[in-house]
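Attaching a predicted model along with its sequence, questions to come.
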Amino acid sequence: MKTIGSVLIVLLVLAGCRENTTTSSNGEPTVEYASNSAASKEIQNFTNADWLYEEYFGEYGFPIEFKEAIIDDIKMVANGFALMFAQGQDVDSAISEFKAGMMILQVSGQFNEMLSQMKQDFNSSDYDFNQSKVAFEPMTLEPKGELTSAEIERIKKVHEEAKKVDETYRREQEELVVKYNLPYALENRASKYVIYSQSMKGGGGKSSTPTPAPAVKKHQSNISDWHLEPGDIMWTDGAGGIGHMAIFTTYNNCVIKNIWHEDLSIVEANTDGVKEKFALIQWQNLYDTVRSYYYYNGTNYDLATSSMSDDRRRTIVRFARAKIGQPYNWNFFNKKADDKTYCSQLVYSVYKDSWTEPIDLDSDGGFIVWPNDIITHKNIVMRDQTRKI
């Protein structure tokens, strides 16, 4: 099943040199190739979002509005191939793996299943594909509630640091587009490309932007000391440039500072399936940045508690644990699949399906629910953050 991982996100870890680029007749920058070989032509195709759409969706007769609803996601894939080529990676092998994965999906019927779900979703009143794409800007609010003055001051500093981190991320993404003259600027998206990395396997994963080997770093704080609640959303960096998500599942009626570290747990979906992870100090050390978020639909924001009832938190945890053992969902466009799941789909589905009054955390309403779609939702509040320093 490894080749299925190619679908829509088949890219490799990035590093190396760059090639020249030029501008097409329609004003879109394109990659300039060293030869006119068939392989080079294929690379040109796979860095062209319009070609990718026509190749894999064009024959099904979707209206133009359908293409408009998914083209930005396809542009992220095209940018990833272009960035990999520009930095000297083996893009030919990546494309071969992509095509093999698509063939497996088509032969197995999974691609038609995805298309059927997409058609249904496109015609559903539940979807609003005209929503504007939101920027990567997690909500941060004045900390208060049952916290000591020292904790309040620390969290205020964490919020300010988080804003700087997000600003740096946006700037770095924009600089990559310019430096490597990627085909698509994607001005309304914080993440400009999608990268697939085998480091996603089983958790962990490093930033997709090449950096020198760092000295040993330690996190600023341990998530075991945070005022977490069951059902909280955990977000990390890494995972192919788009981030990673999990659901905090340890249950206790009060704050968790006095719970033993190894009792803390999260449920997450990685490429080896959905699992519950314990020993979260080791888990957080897989990432450079870890954040927690909670859902609040009220007016008096409080970092100590969310607005969800105790029963709803229990239900979210139960639904998350019910997905343990499911395989990874490589059909990112099918966020409604109930027999397989990807990381942000897991968070989306347990909030939407676990209660009679569903919470839809996909802030842009598209086919794919990216981590950024969830953490920029108007009712999602950042609780805490730690970074390696």
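Everything's here; your move.

Tell me where the model's unsure across the stretch 201-350 of the chain.
The model of the stretch 201-350 of the chain has pLDDT under 70 over residues 201-216, 239-241, 251-263, 298-307.

All the strands of it, in order from the start?
For the stretch 201-350 of the chain, the strands defined by DSSP state E, counting those that start in this stretch occupy 233-236, 244-248, 266-270, 273-277, 289-295.

what's the most buried one of the ones you listed?
Highest mean neighbour count of those: strand 244-248, a mean of 27 (counted as mean count of other C-beta atoms under 10 Å). Heads up, the C-betas are built off the backbone N, CA and C, glycines and all.

Pull up the pairing partners for that strand, direction included.
strand 233-236 (antiparallel), strand 266-270 (antiparallel) (DSSP bridges).

rewinding a little: select, out of the strands of the stretch 201-350 of the chain, the one closest to residue 44.
Nearest to residue 44 among the strands of the stretch 201-350 of the chain is strand 244-248 (31.5 Å), distances taken as C-beta to C-beta.

Serialize the strands paired with strand 244-248 to CSV and add fields for distance to residue 358.
Listed next are those as CSV, based on distance: least, C-beta to C-beta, whole Å:
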stretch, distance to residue 358
strand 233-236, 16
strand 266-270, 19
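
Which one, of those strands, ends up nearest to residue 70?
Across these, residue 70 has its closest neighbour in strand 266-270 (21.6 Å, C-beta to C-beta).

Off-centre distance for that closest one?
The chain centre lies 13 Å from the centre of strand 266-270; the measure is C-alpha atoms, centre = their mean, to the nearest Å.

Give me the angle between it and strand 273-277.
150 degrees (axes from the mean of the first three to the mean of the last three C-alpha atoms, to 10 degrees).

how about the strands of the stretch 1-150 of the chain, start to end?
21-23, 29-31.

on that earlier part again, using CSV, lay out the strands of the stretch 201-350 of the chain together with distance to residue 50.
Shown next, in CSV, are the strands of the stretch 201-350 of the chain (distance: least, C-beta to C-beta, whole Å):
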stretch, distance to residue 50
strand 233-236, 32
strand 244-248, 30
strand 266-270, 31
strand 273-277, 34
strand 289-295, 35
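
Could you work out which of the ones you listed reaches nearest to residue 348?
Smallest distance to residue 348 across the strands of the stretch 201-350 of the chain (C-beta to C-beta): 9.0 Å, for strand 244-248.

Please work out the angle formed by the directions of that closest one and strand 289-295.
Going by the same axes, to 10 degrees, strand 244-248 makes 50 degrees with strand 289-295.
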